[in-house]
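> Structure for this input, please:
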Amino acid sequence: MLSYQHAYHAGNAADVHKHFVLAELLRLLTKKDRGVSYLETHAGRGLYDLTSEEAQKTGEAALGIDRVEGLEGTPIGDALEQVRAQHGETAYPGSPLIASSLLREQDKIALMEMHPQEHRALRRAMKGSGAAVHNRDAYEGAKALTPMDPRRGLVLIDPPYELKDEYGRAAKLAMTIHKRWPEAAIMVWYPILDAGRHAELLSGMAEGEPLVSEVSFPPKDGRGMKGSGLAIIGAPYGADEAIARAIALGGRVFRP
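Numbers count the residues shown, from 1 in each chain. All right, here's what the predicted structure looks like:
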């Protein structure tokens, strides 16, 4: 199924959770000169305009990134500053551009996106970045591309969860990559819904003893997603503190 387009949800509360943690982890991984590899399985278009028709239709950024202040000098703040200097003050970077903004010449980026329209937009957004952009199935491509070199790395698995079996598939993919590429941290994002289907994902990742971060926020119109979760296998040293910093930055967005 190729119907999901993140432009309707860019900058929402789940993005604040996912992107703030991602930025903190990337900063953590790049403290040393040694190169790192970044792999993303469901990359989206990489760059969004919060004044676009899609973003305005849902207004989700108003309850997410628009509520956050004091980002100067933080990893996510640095990424936002760099992207907005190039694309304008209403630009919002997806995870591919956050990674590209924070990684260095010695680092590598590989991105996958199957949706034809999203893939074309992603290629435009990443032009000149040096990132390898693949129009291929995430579950096939991630196995084919791993392990990457440099061996130290970070993988983001972020499917749209349009199908019920995606929770189990995402967990299986995470564990497969972990066994193929044990030097990499593998971060899986998942929505928290009343149905509680994310329990299947966490159960499927249990062998990897993931570090789990969950936040809650008011569901839009009283229904739908009520929280955001991240499960990280092979989290780098200092990840606990990095996640705490990320959640503190986005504190106004999340319910205590």
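
> quick one: the longest helix along the chain to chain centroid distance?
Taking DSSP state H as the criterion, the chain has its longest helix at helix 13-29. Its chain's C-alpha centre and that of helix 13-29 lie 7 Å apart, by CA atoms, centre = their mean, to the nearest Å.

> Can you list the neighbours in contact with the helix or strand just after that helix?
Next along the chain after helix 13-29, taking DSSP states H and E as the criterion, comes strand 37-40. Contacts of strand 37-40 with the rest of the structure, by CB atoms under 8 Å, 6 or more residues apart in numbering, involve 26, 95-96, 99, 103, 107-112, 142, 145-146, 148-156, 158, 184. For every residue, glycine as well, the C-beta is placed using N, CA and C.

> How about stretch 57-70?
By CB under 8 Å, 6+ apart, stretch 57-70 touches 8-16, 50, 55, 92, 217-218, 220, 249-250, 252-253.

> name the element residue 255 belongs to?
Counting by DSSP H and E, residue 255 is part of no helix or strand.

> rewinding a little: counting by contacts, list what the longest helix of the chain packs against.
helix 75-87, helix 95-102, strand 153-157, strand 184-192, strand 211-216, strand 227-233, helix 239-249 (3 or more CB pairs under 8 Å, 6 or more residues apart in numbering; DSSP states H and E).

> Take the ones you listed and write them to JSON lines, including distance to residue 166, mean neighbour count and mean pLDDT.
Output for the helices and strands packed on helix 13-29, formatted as JSON lines (distance: least, CB to CB, whole Å; neighbours: other CB atoms under 10 Å; pLDDT from 0 to 100):
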{"stretch": "helix 75-87", "distance to residue 166": "27", "mean neighbour count": "18", "mean pLDDT": "97"}
{"stretch": "helix 95-102", "distance to residue 166": "18", "mean neighbour count": "25", "mean pLDDT": "98"}
{"stretch": "strand 153-157", "distance to residue 166": "10", "mean neighbour count": "25", "mean pLDDT": "98"}
{"stretch": "strand 184-192", "distance to residue 166": "9", "mean neighbour count": "24", "mean pLDDT": "98"}
{"stretch": "strand 211-216", "distance to residue 166": "18", "mean neighbour count": "18", "mean pLDDT": "98"}
{"stretch": "strand 227-233", "distance to residue 166": "14", "mean neighbour count": "23", "mean pLDDT": "98"}
{"stretch": "helix 239-249", "distance to residue 166": "24", "mean neighbour count": "18", "mean pLDDT": "97"}
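
> before we move on, the earlier item: what angle do the longest helix of the chain and strand 227-233 make?
30 degrees (axes from the mean of the first three to the mean of the last three CA atoms, to 10 degrees).

> Quick one: mean pLDDT for helix 13-29?
Averaged over helix 13-29, pLDDT sits at 98.

> Okay, angle between it and helix 95-102 too, please.
Using the same axes, to 10 degrees, helix 13-29 lies at 30 degrees relative to helix 95-102.

> For helix 13-29, C-alpha coordinates in PDB please.
Provided in PDB are the C-alpha atoms of helix 13-29 (Å, rounded to 0.1, in the frame of the first residue of the first chain):
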ATOM      1  CA  ALA A  13       3.800  15.700  18.300                       C
ATOM      2  CA  ALA A  14       5.100  12.400  17.100                       C
ATOM      3  CA  ASP A  15       7.700  14.100  14.900                       C
ATOM      4  CA  VAL A  16       8.900  16.100  17.900                       C
ATOM      5  CA  HIS A  17       9.500  13.000  19.800                       C
ATOM      6  CA  LYS A  18      11.100  11.000  17.000                       C
ATOM      7  CA  HIS A  19      13.100  13.800  15.400                       C
ATOM      8  CA  PHE A  20      14.400  15.300  18.700                       C
ATOM      9  CA  VAL A  21      15.600  11.900  19.900                       C
ATOM     10  CA  LEU A  22      17.100  11.200  16.400                       C
ATOM     11  CA  ALA A  23      19.100  14.400  16.500                       C
ATOM     12  CA  GLU A  24      20.400  13.800  20.000                       C
ATOM     13  CA  LEU A  25      21.500  10.300  19.000                       C
ATOM     14  CA  LEU A  26      23.300  11.500  15.900                       C
ATOM     15  CA  ARG A  27      25.100  14.100  17.900                       C
ATOM     16  CA  LEU A  28      26.100  11.400  20.300                       C
ATOM     17  CA  LEU A  29      27.400   9.100  17.600                       C
END
